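**Student:** Structure, please.
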Amino acid sequence: MKKVLFETHHLYYWPNFLPIVQELKRRNQYDIHVSIPKRSSCFEQNILMKVCNDIDIRFITANSEVQRIKNIFSEKYDIIIVGNIGKLNKIVRKGTKAIMVYHGIGLKQSYYNDMHDRIDLRAVESVSRYNKLKNTGCDNLVLTGFTKLDRLFTIPDGKIEKKKNMINLDQSKKTILYAPSYYPTSIEKVCPLLPDLNNDFNIIIKLHGFSWEKKKYYYQNALCNELDKANENIHLLKNYDYDIIPYYKMSDMLLTDLSSTMFEYLPINKPIIQVQCYTLKFMHKIFKNRFFRKIDYQRMLNVNFTYHIKDPSELLSRVYYAIDNIDEMSSQRINATEHYLYKLDGKASSRLIDAFED
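**Tutor:** Just a heads-up that it's a prediction; the model follows:
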């Protein structure tokens, strides 16, 4: 059996890796291991360790990050799969095949900058991005689709119903999924308005992992937690609930800002509201060009499948309008799905594995 490691730099990378793990297990030719960097908090490590135990795969850890890296290196993996460059140089041996399944497909330039010659194969989620990377000289690409979305086709309906019951959704109401980025974020502008929607909608808030993990963003989960406590139909998903896929399937609308979720949600073909009023750092307010250098500006301009909101005061009316006209932008969403996501058939992971087996 070939030995494979999933180097999961953060817990929120795991939904991208899980469908690949499931397909590798199905093929029954791989010894699968998983690891996550050792940090001061063991919260994410403990969650991922339990997940691995539940699906009977080995979890690699140690008492320190230095020792964890030594443990990984000593395992002599045939294949290591990463979601960013991270610790790649420290854990990959000369004979190891290094594969990147990048963790996000949103609007940030890091998608193009997080590159390394040591990557043997990079999974790409769309023809347009494949061509753009190819034009920059990348020759290690495989067009797969986005592995995270494979589970839209495989997740059991019973699991979705169980999630609904766990957060106590009102089945008589439509459901809004609010999935903001951590920076730049719409949280400070949007959260004060959510109680005005509480009587008519279920609102599920799914924060980015960094809103829980990084101290400078803790205020975001604190603000949303207060909303959860004060409003019957506002539900903040806790940091251990890392998997957004079930919530895509149970929702009737996505509310977001610069998050990858606007592209991931396209196959659902329901309204997407993109809030374009962000809270910027002081430096980015003064030197806005520094902010825009971090953004794939042309990709952002090309987004024509969402309702854009530039002022928070527009939000409430836009939500009600979109819910009442759910099919209005359906054709734009269908066209965007074809452009931004390759072959939505639940087989992106299979195509990736076929590529590195070839």
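
**Student:** now the end-to-end length of stretch 186-197.
**Tutor:** 17 Å (Cα to Cα, to the nearest Å).

**Student:** Kindly report the same for stretch 339-353.
**Tutor:** First-to-last residue span, stretch 339-353, Cα to Cα: 23 Å.

**Student:** List the buried residues of it.
**Tutor:** 339-344, 347-353 (16 or more other Cβ atoms under 10 Å). C-beta coordinates here come from the backbone N, C-alpha and C atoms, glycine included.

**Student:** Okay, and which of those residues map to helices?
**Tutor:** Counting by DSSP state H, the buried residues of stretch 339-353 place 339-340, 348-353 in helices.

**Student:** closest to residue 278 among those residues?
**Tutor:** Nearest to residue 278 among these, counting by Cβ to Cβ, is residue 340 at 21.8 Å.

**Student:** isn't the closest one right next to residue 130, touching?
**Tutor:** No - look at residue 340 against residue 130 with Cβ atoms under 8 Å: they stay out of range, at 11.7 Å.

**Student:** Would you enumerate the residues in contact with the closest residue to residue 228 other than its chain neighbours?
**Tutor:** Sequence neighbours aside, residue 236 is the residue nearest to residue 228 in space, at 4.0 Å (criterion: Cβ to Cβ, 6 or more residues apart in numbering). Counting by Cβ atoms under 8 Å, 6 or more residues apart in numbering, residue 236 touches 205, 207, 221, 224-225, 227-228.

**Student:** Among the ones in helices among the buried residues of stretch 339-353, which one lies nearest to residue 86?
**Tutor:** Nearest member of those to residue 86, counting by Cβ to Cβ, is residue 352, at 18.8 Å.

**Student:** The closest one and residue 146 touch, don't they?
**Tutor:** No - contact criterion Cβ under 8 Å: residue 352 and residue 146 do not qualify, at 10.6 Å.

**Student:** Look up how far residue 316 lies from the spatially most central residue of the chain.
**Tutor:** Geometric centre of the chain, nearest residue: residue 104, 5.6 Å, by Cα atoms, centre = their mean. When distance is defined by Cβ to Cβ, to the nearest Å, residue 104 is 29 Å away from residue 316.

**Student:** again, but for residue 23
**Tutor:** 43 Å.

**Student:** and the two? which has more neighbours close in?
**Tutor:** residue 23 (20 against 14; other Cβ atoms under 10 Å).

**Student:** If you count contacts, what does the helix or strand hosting the more buried one end up packed against?
**Tutor:** Counting by DSSP states H and E, the element that carries residue 23 is helix 14-27. With contacts taken as 3 or more Cβ pairs under 8 Å, 6 or more residues apart in numbering; DSSP states H and E, helix 14-27 sits against strand 2-7, strand 30-35, strand 97-101, helix 348-357.

**Student:** and the longest one, what does it pack onto?
**Tutor:** For helix 348-357, the contact count by 3+ Cβ pairs under 8 Å, 6+ apart identifies helix 14-27, strand 97-101, strand 121-124, strand 141-143 as packing neighbours.

**Student:** repeat that for 10 Å
**Tutor:** strand 2-7, helix 14-27, strand 79-82, strand 97-101, strand 121-124, strand 141-143 (3 or more Cβ pairs under 10 Å, 6 or more residues apart in numbering; DSSP states H and E).

**Student:** of the ones you listed, which approaches residue 322 most closely?
**Tutor:** With Cβ to Cβ as the yardstick, what comes closest out of the helices and strands packed on helix 348-357 is helix 14-27 (26.0 Å).

**Student:** Tell me the buried residues in the closest one?
**Tutor:** Of all the residues in helix 14-27, those buried under the rule 16+ other Cβ under 10 Å are 14-21, 23-24.

**Student:** Where does pLDDT dip in the protein?
**Tutor:** For the chain, applying pLDDT under 70 flags the ranges 282, 287.

**Student:** Domains in it, by residue range?
**Tutor:** Domains of the chain are assigned by automatic domain parsing as 2-146+343-357, 157-340.

**Student:** residue boundaries of the strands in the chain?
**Tutor:** Ranges of strands in the chain, per DSSP state E, are 2-7, 30-35, 58-60, 79-82, 97-101, 121-124, 141-143, 174-178, 201-205, 234-236, 253-256, 272-275, 307-309.
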